[in-house]
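Participant: With the sequence up front, the predicted model follows.
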Amino acid sequence: MAYETELAIAQKAVMAAAQLCETVRRDMVPEAMEKQDKSPVTVADYGSQAIICKALSEAFPGDPVVGEEDAAELKQPEMRDRLQQVTQFVKGVMGTVTPEDVTQWIDHGNGTPAKRFWTLDPIDGTKGFLRGDQYAIALALIEDGDLKVGILGCPALDLGYGSTGLLFTAVRGEGTYMQPIAGGDAKQVKVVQPGDAERLRFVESVEASHGNQSEQEAVAKAVGITQASVRMDSQAKYGAVAAGEAALYLRLPSPKYPDYREKIWDHAAGAIVVEEAGGKVTDMYGKPLDFYSAAKMNDNRGVVVSNGTIHAEVMSALQAS
């Protein structure tokens, strides 16, 4: 199997990071929600990135990691208690570590796109994490300008499969697999097929500012989707499309932020997970998403994720709107 070592290392790291994130959420979020304090997300972000970057740096020392976080703020003297907090959570998963270890591992994520590199979102879906709802740990390998490996850890997702917490893995040319994030048998998943009216629905972000919900609804209706949208945070939406539980995910530019450009770590892992399940991922003009030129997809606008069979109809509906 191609990229067998990369997949094994990355999968184990994402599962360990998910364990840390769930511990942070269990121990810190109830108090944090009461105080409207987002510190647990910071702790989980840092801890998750530290765990994953340690694994990648040891196994693939020549691979840069383009991650969302860095340890600059965490290294400030006034952040000593927060750094100690992060260190304790990392220690709970990995054993003996020092604060210096933790900041060094986090900063391994300060890389830039190269011929071969990883991109990481240690916690995608901040508000979902705080609400006790959906979030994702997203890791992807890009080589020669193409997505090669994607791992999507969704600790709160069940999709009706009887196991809360799902892990999606994909290798280019070898399909997409889903398994319980705590461990267990993996099964191959496919996007929803034409004619499956029950699953002909679309997903979009919970936050209105993360898209253009009125236009997204209009486009969905134009391609025959009459059910109300399923709203969830994070790249868990990609998992829903890959597993055949939705036919469409739209993230169209918000009128409030017309110049916004998507970041690669917010979509890379999800994109290959959907593509290898038989779906299609482009921007709103049908262009492939550029995951290799920079940390932001500067030449793309919006994101359209589908089961593939309705993609051309979606493009036509977008042009018409």
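Facilitator: Looks like it came in fine. Note that the coordinates shown come from a computational prediction; the quantities given were computed from them, not determined experimentally.

Participant: Contacts only, for residue 22.
Facilitator: With contacts defined as CB atoms under 8 Å, 6 or more residues apart in numbering, residue 22 is in contact with 155, 165. Backbone N, C-alpha and C define where each C-beta goes, glycine included.

Participant: how does it look with 10 Å?
Facilitator: 44, 155, 156, 165, 181, 182 (CB atoms under 10 Å, 6 or more residues apart in numbering).

Participant: Pick the one among those closest to residue 8.
Facilitator: For the contacts of residue 22, the residue nearest residue 8 by CB to CB is residue 181; the value is 15.5 Å.

Participant: Would you map out the domains in this protein?
Facilitator: The chain breaks down into these domains under the TED database: 4-188, 197-320.

Participant: Dump these into a markdown table; add mean pLDDT as well.
Facilitator: Written out in a markdown table, the entries for the domains of the chain read as follows (pLDDT from 0 to 100):
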| stretch | mean pLDDT |
| --- | --- |
| domain 4-188 | 94 |
| domain 197-320 | 93 |
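
Participant: Now residue 260. Its backbone dihedrals?
Facilitator: The phi/psi pair for residue 260 (degrees, to the nearest 10) reads phi -70, psi 140.

Participant: That one touches residue 301, doesn't it?
Facilitator: Yes - Residue 260 sits in contact with residue 301 when judged by CB atoms under 10 Å, with a separation of 9.1 Å.

Participant: Show me which of the two is the more surrounded one.
Facilitator: Higher neighbour count among residue 260 and residue 301: residue 301, with 17 against 14, using other CB atoms under 10 Å.

Participant: check contacts around the residue in the chain sticking out farthest from the centre.
Facilitator: If you look at how far each residue of the chain sits from its centre, by CA atoms, centre = their mean, the farthest one is residue 77, at 31.6 Å. Taking CB under 10 Å, 6+ apart, we find residue 77 in contact with residue 83.

Participant: Any figure for the gap between it and residue 219?
Facilitator: Applying CB to CB, to the nearest Å, one obtains 51 Å for the distance of residue 77 from residue 219.

Participant: quick revisit: for residue 260 and residue 301, list the residues in contact with both.
Facilitator: When CB under 10 Å, 6+ apart defines a contact, the residues bordering residue 260 and residue 301 alike are residue 253.

Participant: So which bits of stretch 279-292 are buried?
Facilitator: Neighbour-count burial for stretch 279-292, counted by 16 or more other CB atoms under 10 Å, picks out 279, 280, 281, 282, 283, 284, 289, 290, 291, 292.

Participant: show me the contacts for the fifth one.
Facilitator: Residues near residue 283 by CB under 10 Å, 6+ apart: 251, 252, 262, 289, 290, 297, 299, 300, 301, 302, 303, 304.

Participant: Just the buried ones among these, please.
Facilitator: Listed as buried from these are 251, 252, 262, 289, 290, 297, 300, 301, 302, 303, 304; burial here means 16+ other CB under 10 Å.

Participant: For the residues you listed, give me JSON lines that also has distance to residue 113.
Facilitator: Below are the buried ones among the contacts of residue 283 laid out as JSON lines (distance: CB to CB, whole Å):
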{"residue": "251", "distance to residue 113": "22"}
{"residue": "252", "distance to residue 113": "25"}
{"residue": "262", "distance to residue 113": "15"}
{"residue": "289", "distance to residue 113": "13"}
{"residue": "290", "distance to residue 113": "10"}
{"residue": "297", "distance to residue 113": "11"}
{"residue": "300", "distance to residue 113": "15"}
{"residue": "301", "distance to residue 113": "20"}
{"residue": "302", "distance to residue 113": "21"}
{"residue": "303", "distance to residue 113": "19"}
{"residue": "304", "distance to residue 113": "23"}
